[in-house]
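# Here's a sequence, model it:
(chains A and B)
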Amino acid sequence: MESRLTRKVRRLFLDRHAVSVVVSTLIMVGAVIALGFAVLSWTYSRSSTFNTEYANLVEANTDKMKEKLVFEYVFYNASQSELTVYLINCGKSNDVSLANVYLSNGSWFQSFSDIELRFLNGTLTESLDIGEEGYFKLSVSLVANTSYSIRIVTGRGRLFDTTFIA
Amino acid sequence: MTRPLLPDRKVWKNSKGVSGIIAAIFLVLIVFFLYANVFTFILIQNTSFQEVVSEVNQRDIDRSIEKLTVSNVNYTVVGDQVRVEAQVKNDGPVSVQIVTLWVIDTTTQKYGYNDALNINMKSGDNLVFTGSNALAVTIEDSNPLDVFTSWFVTDRGNLIPLEKEKGIIVAQLAQGIGSISMDFKQFMYYEFTSSPTNGTVLGIPKKSFTIYSGNYTILACLLTNLDPSGQAVNLTTNSYIWAVTAHAETVKADHWDIAKVVDNKYISTFDFQVLPYGVPTWVYFGPWKPKWCRGVVPVFILLSGRLETSDYGQNIPFIAFNIT
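As a prediction, the model looks like this:
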């Protein structure tokens, strides 16, 4: 003999009136909520990445813009074929490094990439902070009493130029 | 009959379109989030960028209006220390921080710096560096007779030259007696027992007006081109120093031809010597061993060359030798 409860349960499952509407509504709502959170999460992730990249870009540009190197003195030692360039970081950016140095005159050009930057006391350094002074030396043969241009490219890509007579 | 403020209960009971409403809410949330998070962030970043642009511009303006006036410049040498005396006035509207003093010995082509100054000068401040307050820079082998140039470096990156003033009297003098002046006190000579050859090191100079006739001498004069046109003078081989015996029936003269000296070494071939405007330049004459002159004799510098495209000639009666 089937009990009364069992019959009721069986009837509930067998009665299909309006079940599909409820289920479909639930599925639809659940799917929309899940998809909504997924899209929201994805948007948050993408916007955070974009914000970070944009902030880094702006910071890099502002740091680059605040960089300023001034040539204090350029000295060429003819007997040792050695050019010494003295600099001061008078900008508002720390960690100003030297990526490349280009030396040229009207008919000649030479680039230098391994620049040994030093403080005035001779200590080797990677970069100059605000207000710090330093120098680097280049081994190069120059023609006396000839005008040369020297161009410095910093690690952030800023250019600084000067001319001197060897 | 009154209308209910809220929609019929059937509307609330009807579940059709719920998902659409939720989707719309999410869409609004996403748009709002994007606006709040990204757009506002970009605005903030752009604002900070503009602030940096303004800051950099202001710094450039401050740098351009920095104005230091340096006067009464004098150099003295004590051992290896060059002491710079000067009067410095901040004539600009902004305060100035002097960080470094550079001194170049143009005679020996050596240089030095003092990077421990950190002198702060407010607008209108006037500082005098004399005596024990003189600014010291170490340069090896400096000589009191050497010619120096120097400049200050400020923390904004300005280089302020320390220049000795050239008054109008000097310019008028140049127009009156010739464009080239000689620094009387700087005259010196080098002595050799045998005639110097190409590459001979000059050694230590003698600062005297007595010359021994048994030795070869190279004379050194510090000449400055003060031509009012500001053009360079190019001296040729026809320039020389000559001395003549005063008490003699016939003219007895000795002469020292213009010579080339590079890095304190005598160069036996002379091509030309340029005297740039306003730059004291050492000019050398000799070597020569006096043959005819004895006793106290007048000495003249005869300079011949070109002033840019024009011929130039000048005679400077400058000292008297005692040739022993």
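# tell me the phi and psi of whichever residue of the stretch 51-200 of chain B sits closest to chain A?
Nearest to chain A in the stretch 51-200 of chain B, going by C-beta to the nearest C-beta, is B:Gly157, at a distance of 3.5 Å. C-betas here are computed from N, CA, C, even on glycine. Main-chain dihedrals, B:Gly157, degrees, to the nearest 10: phi 90, psi 20.
# what's the neighbour count on it?
Other residues within reach of B:Gly157 by the criterion other C-beta atoms under 10 Å in any protein chain shown amount to 20.
# what's the answer for the one 3 residues further on, then?
Residues lying near B:Ile160 (other C-beta under 10 Å) number 19.
# So it lies in a strand, does it not?
Yes - counting by DSSP: H, G, I helix; E, B strand; the rest coil, B:Ile160 is found in a strand.
# residues from the stretch 51-200 of chain B in reach of chain A?
For the stretch 51-200 of chain B, the residues in contact with chain A (C-beta under 8 Å from any C-beta of the partner chain) are B:52-53, B:55-56, B:59, B:99-100, B:102, B:104, B:111, B:113, B:115, B:153-157, B:159.
# repeat that for 10 Å
Those residues of the stretch 51-200 of chain B that sit near chain A, judged by C-beta under 10 Å from any C-beta of the partner chain, are B:51-53, B:55-56, B:59-60, B:63, B:97, B:99-100, B:102, B:104, B:109-111, B:113, B:115-116, B:118, B:151, B:153-159.
# which residues of the stretch 1-150 of chain B fall in strands?
Per DSSP state E, counting those that start in this stretch, the stretch 1-150 of chain B carries strands over the ranges B:68-78, B:81-90, B:96-105, B:110-114, B:119-121, B:126-129, B:135-138, B:148-154.
# any weak-confidence spans in chain A?
A:1-2, A:12, A:15-19 (pLDDT under 70).
# how does it divide up, domain by domain?
With domains defined by automatic domain parsing, chain A comprises A:4-65, A:67-165.
# ok, is the shortest one in contact with chain B or not?
Yes - legend: contact between domain A:4-65 and chain B by C-beta under 10 Å from any C-beta is shown at A:21-22, A:24-33, A:35-40, A:42-44, A:46-48, A:50-52, A:54-55, A:57-59, A:61-63, A:65.
# Restricted to helices, list the residues you listed.
A:21-22, A:24-33, A:35-40, A:42-44, A:46-48, A:50-52, A:54-55, A:57-59, A:61-63, A:65 (DSSP state H).
# neighbours around residue 136, how many?
Defaulting to chain A. Neighbours of A:Phe136 (other C-beta under 10 Å): 17.
# Chain B was what I was after
Around B:Ala136 there are 16 other residues, counting by other C-beta under 10 Å.
# Bridged to it, which residues?
Beta-bridge partners for B:Ala136, by DSSP bridges, are B:Arg83.
# Could you report the distance from B:Trp102 to A:Ser79?
Taking C-beta to C-beta, to the nearest Å as the measure, B:Trp102 and A:Ser79 are separated by 21 Å.
# Looking at the two, which is more packed in?
Per other C-beta under 10 Å, whichever of B:Trp102 and A:Ser79 has more neighbours is B:Trp102, with 21 against 7.
# Tell me which helix or strand in chain B has the weakest average pLDDT.
Taking mean pLDDT, DSSP states H and E as the measure, chain B has helix B:168-177 as its least confident helix or strand, at a mean of 53.
# Next SSE downstream of it?
strand B:180-182 (DSSP states H and E).
# Can you name every helix or strand that that following strand contacts?
Judged by 3 or more C-beta pairs under 10 Å, 6 or more residues apart in numbering or on different chains; DSSP states H and E, strand B:180-182 is in contact with helix B:168-177, strand B:216-225, strand B:281-288, strand B:295-307, strand B:310-323.
# coming back round to it: which of the ones in helices among the residues of domain A:4-65 next to chain B are buried, as a PyMOL select command?
Command for PyMOL, covering only those of these found buried under the criterion 16 or more other C-beta atoms under 10 Å in any protein chain shown:
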select buried, chain A and resi 28+29+32+36+43+47+51+54+58+62+63+65
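# got any ranges where the stretch 51-200 of chain B has weak pLDDT?
Checking the stretch 51-200 of chain B against pLDDT under 70 turns up B:164-176.
# 50 instead?
Low-confidence segments of the stretch 51-200 of chain B (pLDDT under 50): B:165-169, B:171-172.
# Could I get the contacting residues of A:Trp42?
Residues in contact with A:Trp42 (C-beta atoms under 10 Å, 6 or more residues apart in numbering or on different chains) are B:Ile30.
# roughly how far apart are it and B:Tyr240?
From A:Trp42 over to B:Tyr240 the distance is 91 Å, taken as C-beta to C-beta.
# May I have the phi/psi pair for residue 116?
Using chain A here. Backbone torsions of A:Glu116, given as degrees, to the nearest 10, read phi -90, psi 100.
# wrong one, chain B
Main-chain dihedrals, B:Ala116, degrees, to the nearest 10: phi -110, psi 30.
# So it is in contact with A:Glu133, correct?
No - the pair B:Ala116 / A:Glu133 is not scored as a contact, 11.1 Å apart, by C-beta atoms under 10 Å.
# Neighbour count: those two, which is higher?
Taking other C-beta under 10 Å, B:Ala116 and A:Glu133 do not tie; A:Glu133 has more neighbours (20 against 9).
# Select from the helices and strands packed on strand B:180-182 the stretch with the lowest mean pLDDT.
Among the helices and strands packed on strand B:180-182, helix B:168-177 has the lowest mean pLDDT, at a mean of 53.
# And B:Arg9, what's its pLDDT?
Looking at B:Arg9, its pLDDT stands at 58.
# same question, the one 10 residues further on
Model confidence at B:Ser19, expressed as pLDDT, equals 71.
# didn't it look like it was pressed against A:Val32?
Yes - with contact defined as C-beta under 10 Å, B:Ser19 reaches A:Val32; the gap is 4.3 Å.
# Looking at the stretch 1-150 of chain B, which residue is nearest chain A?
Using C-beta to the nearest C-beta, the closest approach of the stretch 1-150 of chain B to chain A is made by B:Phe26 at 3.3 Å.
# ok, back up a step: can you redo the domains of chain A as a markdown table with distance to B:Trp282?
Below are these laid out as a markdown table (distance: least, C-beta to C-beta, whole Å):
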| stretch | distance to B:Trp282 |
| --- | --- |
| domain A:4-65 | 46 |
| domain A:67-165 | 16 |
